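Chemist: I need the structure of the sequence given here:
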Amino acid sequence: MATFVDDKTPICVPFILDHLKSHPASGKPFVIGLNGIQGAGKTTLVRALASALEAQGVPTLVCSIDDFYLNHEDLVALGRNNADNALWQHRGEPGTHDLPLAKAFFDKVMKGEPTKLPVYDKSAYAGHGDRAPEAQWKPVNQPGQPPIRAVILEGWSVGFRALSDAEVEAKWKAPSRTLGMHKLEHLLLINEQLRNYDALTDLFDAFIHIDAEDLNFVYAWRTQQEEHLRRDKGDPNAGMSVDEVVRFVDGYFPAYELYTDGVRAGVLPGQPGKQLRIVVDADRKVKEVHRL
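Modeler: Presented below is the predicted three-dimensional model:
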């Protein structure tokens, strides 16, 4: 595998700082949405963006859509109440997040009021996950802290917007890797849940999309991550096998197949120039840059 080189930060930091200049110093924080296909180097980019903003004297909060997953009890109930819907037997898809919690959190942040960022423990319950006790949540805008002036919300599904029912059905009927594994009614249910996420997407002042020339790269990238885990632990049995990786990625890949075209077309209507789309190749190297 080629050595990973961060060639995205030099593209993204100027883009964000340029938009920050025109953002009012008073008023609500500057909100950045970041969608990164899993394994494409999103974590490195998020850290670099936060560091660049902090260097400009802009107190920055980094959060993930993963921070707002349903707690274990509610996830179990969701799966049990939809036992024939494979999309809801694990966390990840629209409907597996606590949207009221997320909306309440961002409402506080936008108003500059004290709040706490939830912490999600993905290792709890043998990897099924659970929300950490509130005592472990991250204090935000508390007395003695500088008020947050920029927020980065990242995640593999950040920026996804719902389709019409007819569009979902058309994609379901067309050749695809995973959509045909599911009933149309289950995909429509996920799509309906996604409409509630617009309350977060509509907050964005700028958006970065780390895309791939081929979405199927995510299978190889995830396999590489498991190989690195085995190497780092010195345990040949650690991590997922190749077959387990395929089943794992298949679990959330339907959302990629449904919604990536929409992200590529732009998720900030009426705000030209506010979205950056970076396309990477199989080695995660930047091949194309588009400003939408």
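
Chemist: And the closest residue to residue 160 other than its chain neighbours, which helix or strand is it part of?
Modeler: Spatially, and ignoring its direct neighbours in sequence, residue 160 is nearest to residue 259 (4.0 Å; CB to CB, 6 or more residues apart in numbering). C-beta: built from backbone N, CA, C; applies to glycine. Using DSSP states H and E, the element containing residue 259 is helix 242-265.

Chemist: Show the subsequent helix or strand relative to that helix.
Modeler: strand 275-280.

Chemist: Would you list the strands that that following strand pairs with, along with their directions?
Modeler: If you go by DSSP bridges, strand 275-280 pairs up with strand 206-212 (parallel), strand 286-291 (antiparallel).

Chemist: Count the neighbours of residue 72 for me.
Modeler: Residues lying near residue 72 (other CB atoms under 10 Å) number 16.

Chemist: For the spatially closest residue to it that is not a sequence neighbour, grab the count of nearby residues.
Modeler: Of all residues not flanking residue 72 in the chain, residue 130 sits nearest, at 3.7 Å (CB to CB, 6+ apart). Using other CB under 10 Å, residue 130 is surrounded by 19 other residues.

Chemist: Now do the phi/psi pair for residue 130.
Modeler: phi -160, psi 150 (degrees, to the nearest 10).

Chemist: Next: the one 4 residues further on.
Modeler: According to degrees, to the nearest 10, the main-chain angles of residue 134 amount to phi -60, psi -30.

Chemist: quick check: angle from the lowest-mean-pLDDT helix or strand in the chain to helix 242-265?
Modeler: Within the chain, confidence by mean pLDDT, DSSP states H and E is lowest for helix 217-233 among all helices and strands, at a mean of 89. Between the axes of helix 217-233 and helix 242-265, defined by axes from the mean of the first three to the mean of the last three CA atoms, to 10 degrees, the angle is 130 degrees.

Chemist: Quick one: list the elements packing against helix 217-233.
Modeler: Under the contact criterion of 3 or more CB pairs under 8 Å, 6 or more residues apart in numbering; DSSP states H and E, helix 217-233 touches helix 242-265.
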